[in-house]
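Engineer: Mind folding the following:
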Amino acid sequence: MRIRSLVPLVVVCLCAAGVQAQQQLNVIATMMDPSTNAPSETLIPEEVRLTEDGVQLKVLKTAPVDRVVKVQLLIDNGVGIGPNLSQLRSGLRGLVEKLPADVETSIYTTAPQGRLLQRATKNREDLLKAVDRLAPDSSPGRFTESLAEAGERAAKDKDAFTVVIMAGTISGDANLPDGTIQRVVLAFANRPSVVHVLLYAGERAAFGGQAQIDVGEMITKNTGGRYEYINTMNRYATMLPEFSEGIAKQMIGSKRQWRVTAQRAEGKTGPLGKFSIAAGARVISNVRIE
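Structural biologist: Residues are numbered from 1 along each chain as shown. Down below sits the predicted model:
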């Protein structure tokens with residue numbers, strides 16, 4: 001699903017083939033007021049224009065959707081980190097210290113499998129203590145499986161917008177179970193979430209590599225996240241804190257969203273065609289169809 005803006009109106013186009021819908025559909029989106037750079041507090045049906053394959057849909061109603069933003073940190077503590085645990089901890093501390101004060105954050109390690117290191121909390125001291133408890137493992141990290149599990153956890157939290165930050169390496173995922181990559185795609189498909197990936201070349205690349213690169217690039221593109229591939233651990237540690245800086249902006253756009261209910265053209269059922277949404281001069285993002 002690709003999103004692109006059109007001018008002079010701000011329009012979001014979705015290549016929505018394969019998305020099933022009945023005669024009525026609900027579209028969830030962030031509507032930002034360009035004059036205030038804040039989410040729109042009001043939105044009436046007459047202000048929204050929806051089209052499918054160039055045909056305008058009838059907008060039946062609009063309603064606000066208020067969400068909380070939650071963060072999942074996924075940390076590769078396996079052989080790919082090698083002797084660089086202190087640098088990893090340093091980068092994680094910087095990331096935690098820059099997190100918005102009221103965002104709930106959980107931490108998981110990925111080696112030898114996905115494991116909870118710190119339950120979701122807003123307490124920064126508890127998060128920093130968890131970073132200090134981070135221990136190395138002799139196994140490669142489970143990059144793809146851990147992403148799938150993160151998406152499945154997020155899917156259970158109906159009232160949250162989930163930000164997943166994967167601090168991974170390319171050591172691991174040499175022999176993925178059948179269907180694992182599909183699990184990742186389905187876990188994040190059409191969900192209120194974004195995935196950011198920071199991938200380190202690793203100390204033991206022989207355990208895999210291409211799968212993590214392919215999955216990382218795919219899932220960040222699909223969710224509108226950021227993907228970075230780093231060859232040196234020094235850069236890895238200094239870049240980790242940068243990933244928390246965008247969370248504050250994400251919180252602004254995701255706390256207040258709008259649900260737009262529309263009627264498809266008469267007789268139109270099945271997969272959606274080329275779909276667009278505009279609401280005057282509002283900047284539209286985080287679009288998904290329920």
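
Engineer: Tell me how many other residues crowd Arg89.
Structural biologist: 17 (other C-beta atoms under 10 Å). C-beta coordinates here come from the backbone N, C-alpha and C atoms, glycine included.

Engineer: While we're on it, how confident is the model there?
Structural biologist: pLDDT for Arg89: 96.

Engineer: before we move on, what about Val12?
Structural biologist: Per the predicted model, pLDDT is 45 at Val12.

Engineer: Kindly export stretch 189-198 (C-alpha atoms) in CSV.
Structural biologist: Extracted in CSV, the C-alpha atoms of stretch 189-198 (Å, rounded to 0.1, in the frame of the first residue of the first chain):
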residue,chain,number,x,y,z
ALA,A,189,-0.9,-5.0,7.6
ASN,A,190,-3.4,-2.2,7.9
ARG,A,191,-2.5,-1.6,11.6
PRO,A,192,-2.0,1.7,13.5
SER,A,193,1.8,1.2,13.8
VAL,A,194,5.2,2.1,12.4
VAL,A,195,8.4,0.1,12.4
HIS,A,196,11.9,1.6,12.5
VAL,A,197,15.0,-0.6,11.9
LEU,A,198,18.6,0.1,12.7
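
Engineer: Could you list the buried residues of it?
Structural biologist: Buried residues in stretch 189-198, counted by 16 or more other C-beta atoms under 10 Å: Ala189, Arg191, Pro192, Ser193, Val194, Val195, His196, Val197, Leu198.

Engineer: again, but for stretch 144-157
Structural biologist: In terms of neighbour count (16+ other C-beta under 10 Å), stretch 144-157 has its buried residues at Thr144, Glu145, Ser146, Leu147, Ala148, Glu149, Ala150, Gly151, Arg153, Ala154, Ala155, Asp157.

Engineer: Ok, stretch 270-287 next?
Structural biologist: Of the residues in stretch 270-287, those buried (16+ other C-beta under 10 Å) are 272-273, 275-279, 282-287.

Engineer: Can you measure across it, start residue to end residue?
Structural biologist: 19 Å (C-alpha to C-alpha, to the nearest Å).

Engineer: and that stretch, how far from the chain's centre?
Structural biologist: Distance, stretch centre to chain centre, for stretch 270-287: 19 Å (C-alpha atoms, centre = their mean, to the nearest Å).
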